[in-house]
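Asks: Predicted coordinates and the sequence they were generated for:
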Amino acid sequence: MTDTVTDRFLRYAVIDTQSDPRSASQPSTGKQKTLARLLVEELLAIGLEDAHLDEHGYVYATIPATVDKPVPVICFCSHMDTAPDFTGTGVKPQLLRNYQGGDIVLPGDTSQVIRVAENRALADQIGNDIVTTDGTTLLGADDKAGLAEIVTAAARLMADPSIPHGVIKLLFTPDEEIGRGVDKVDLKKLGAEFAYTVDGETAGHLEDETFSADGVEIEIQGVAIHPGFAKGRMENAIRIAGEIVARLPHRLAPETTAGRAGFIHPTDLSGAMEKARISLIIRDFEEHGLVEKEELLETIIKTVMADYPGSTYSFRVQRQYRNMKVVLDRHPEIVENALEAIRRAGITPVRGSIRGGTDGSRLSFMGLPTANLFAGGHAFHSPTEWVSVQDMERAVQTLVELARIWAERA
C-alpha cells in the first residue's frame, strides 16, 4: 500500500460507512467495521503493535515515545462514519489536478456544481489538487480526511525516530454523525490526558468552542373520528403538528442564523390522525440560550394545543452535548500548542467556534479535554463535498509538529 495522505483518503472514501440513527446496535451499521479493519491493518503495517478493533467498533493504537522525559499523553481522534444526510454508497472520487479557478461541474450529475460563490475557500486553492465526488454521493471527507491525515502522520513519526515526541494515542470512533461517537469509548484503556479531534474544515482553523445541544421529542395525541362524522369532534394530530412547526420563528432557523446565533430546527415529523411526533434539535453557544429556546418552543405548543381541548402532548428534552470551551479554558496549553503547530506547518492559524459539535464536545466533559483541528474538507454531508490534497498534507504536518511541540514544552 502506498502511504501518501491522498492515497489513504481515496482508499477510505470508497468504503460505505454511513451510520444509521434508527439502529440500536453498536456500531449502528456493521459496514463501519470494514473500514475499521482496514485501518487496523494499516496501523499494524507501520509498526503500531497494539492497534486493534474492539467489540464496540472503536480502533485504538499507540505511537511509542521517542524521548525519555515525561510528556503528557495526547490523543489524535477522528470518526469513521459518514452522515446519513446523503448517500455514501458507490462513492467515485474525482481528482482535479492544478485547479485554475471557476465552478466545478461534477460528471456523474451535471446539475451538481461546486460553485465559487458558495465555496469562498476555493479562492485559496488555485494551483492545488482537489478531490470531489462525481455528484451522486457524498465524498466522506468528514471525516475520512481526518483518518487519512492521522494515519499518515503516525507513519511519518514511526519512520523517523529522530522526531522527539511522547506517547501518542490514536482513537477512531464509529457513529459520530448520529451523536453516539463516544458512547462506548474506554478512556481508561486509551490512557490519554489531552486530545485533538481532526474533524474541522478550512486549513489553519482550530476550534475550542462548540454549540451546546439538546434534542426535543414532542408527541401529540389527537382525537381520531371517522371523517364522515368528524365535525366538531375530530382533532387531527397531523394538523396539530403542522401548526406547531409552522409557528416556529423563521429568525431562529439554521438557514437564517450565523455566527453565535443559535436555532430551533425540526428534523423529523411523522404520524397519523390519532398520534404524531415531531423531533427537533436546539442549538446555542450558551446554556441559557438553550433554555430560552426550549421554553419558547413549549409556549408555542401550548398556544396551539389550546385550540384542541381533547388532545394532549408530551415534551421531552434530551441533553446531547455541551460547549467544550468551558473545559478547554482550564487547559490553555492544548490550544496554545496547536496554534504553534499550525504556524510551523506554514499556515496562519485561525481560532474559532463550531456551529455544531464533535466527539471532542463529549470527550471534554468525560474527562478528556479535546480541541478540534482542521481536516481540510468543505461542503460536508452533500454531493458537492470537496477536499484539497495540499490542505490534507498541511494537516499531516500540523500533527507531526504538534507531537514535537508537546515534547519540547513538557
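Replies: Cool, the structure landed.

Asks: Please make it C-alpha for all contacts and neighbour counts, starting now.
Replies: Fine.

Asks: Can you pull out the low-pLDDT segments for the chain?
Replies: Within the chain, the stretches with pLDDT under 70 are 1-2.

Asks: Relative to residue 212, how far out is the residue most central in space within it?
Replies: The chain has residue 358 as the residue nearest its centroid, 4.9 Å off, counting by C-alpha atoms, centre = their mean. Going from residue 358 to residue 212 by C-alpha to C-alpha, to the nearest Å gives 11 Å.

Asks: and what of residue 101?
Replies: The spacing between residue 101 and residue 212, counted by C-alpha to C-alpha, is 37 Å.

Asks: what about these two, which has more around it?
Replies: Neighbours were tallied for residue 101 and for residue 212 using other C-alpha atoms under 10 Å; the higher tally belongs to residue 212 (25 against 14).

Asks: I figured the more buried one was touching residue 283, is that so?
Replies: Yes. Counting by C-alpha atoms under 8 Å, residue 212 does reach residue 283; the two are 5.9 Å apart.

Asks: show me where the chain has helices.
Replies: For the chain, the helices defined by DSSP state H occupy 5-13, 32-45, 141-159, 187-190, 237-246, 287-305, 325-328, 332-344, 359-365, 389-408.

Asks: Ok, which of these comes nearest residue 88?
Replies: Closest of the helices of the chain to residue 88 is helix 5-13, at 8.8 Å (criterion: C-alpha to C-alpha).

Asks: so what's residue 338 up against?
Replies: Applying C-alpha atoms under 8 Å, 6 or more residues apart in numbering to residue 338 gives the contacts 206, 398, 402.

Asks: which residues does the closest residue to the last one other than its chain neighbours contact?
Replies: Read that as residue 402. In space, and not counting its chain neighbours, residue 402 is closest to residue 341: 5.0 Å by C-alpha to C-alpha, 6 or more residues apart in numbering. Residue 341 makes contacts with 398-399, 401-402, 405, as judged by C-alpha under 8 Å, 6+ apart.

Asks: Most neighbours among the residues you listed, which one?
Replies: In terms of neighbours by other C-alpha under 10 Å, the contacts of residue 341 top out with residue 398 at 27 neighbours.

Asks: Double-check residue 5 against residue 152; I have them as touching.
Replies: Yes. At 5.7 Å, residue 5 counts as touching residue 152 under the criterion of C-alpha under 8 Å.

Asks: Please identify which of these two sits among more neighbours.
Replies: residue 152 (29 against 24).

Asks: pretty sure that one is in contact with residue 4, am I right?
Replies: Yes. Assessed by C-alpha under 8 Å, residue 152 is found in contact with residue 4 at 6.8 Å.

Asks: what's the distance between the residue nearest to the centre of the chain and residue 389?
Replies: Taking C-alpha to C-alpha, one finds residue 358 at 23 Å from residue 389.

Asks: before we move on, what about residue 234?
Replies: Distance from residue 234 to residue 389, counting by C-alpha to C-alpha: 60 Å.

Asks: So between the two, which is more surrounded?
Replies: Higher neighbour count among residue 234 and residue 389: residue 389, with 24 against 19, using other C-alpha under 10 Å.

Asks: what's the nearest residue to the more buried one if we skip its chain neighbours?
Replies: Residue nearest to residue 389 in three dimensions, not counting chain neighbours: residue 129, with 5.5 Å by C-alpha to C-alpha, 6+ apart.

Asks: okay, now that neighbour: neighbour count?
Replies: Neighbours of residue 129 (other C-alpha under 10 Å): 17.

Asks: Which residues belonging to stretch 91-111 are considered buried?
Replies: Across stretch 91-111, burial judged by 16 or more other C-alpha atoms under 10 Å covers 91-95, 99, 104-106.
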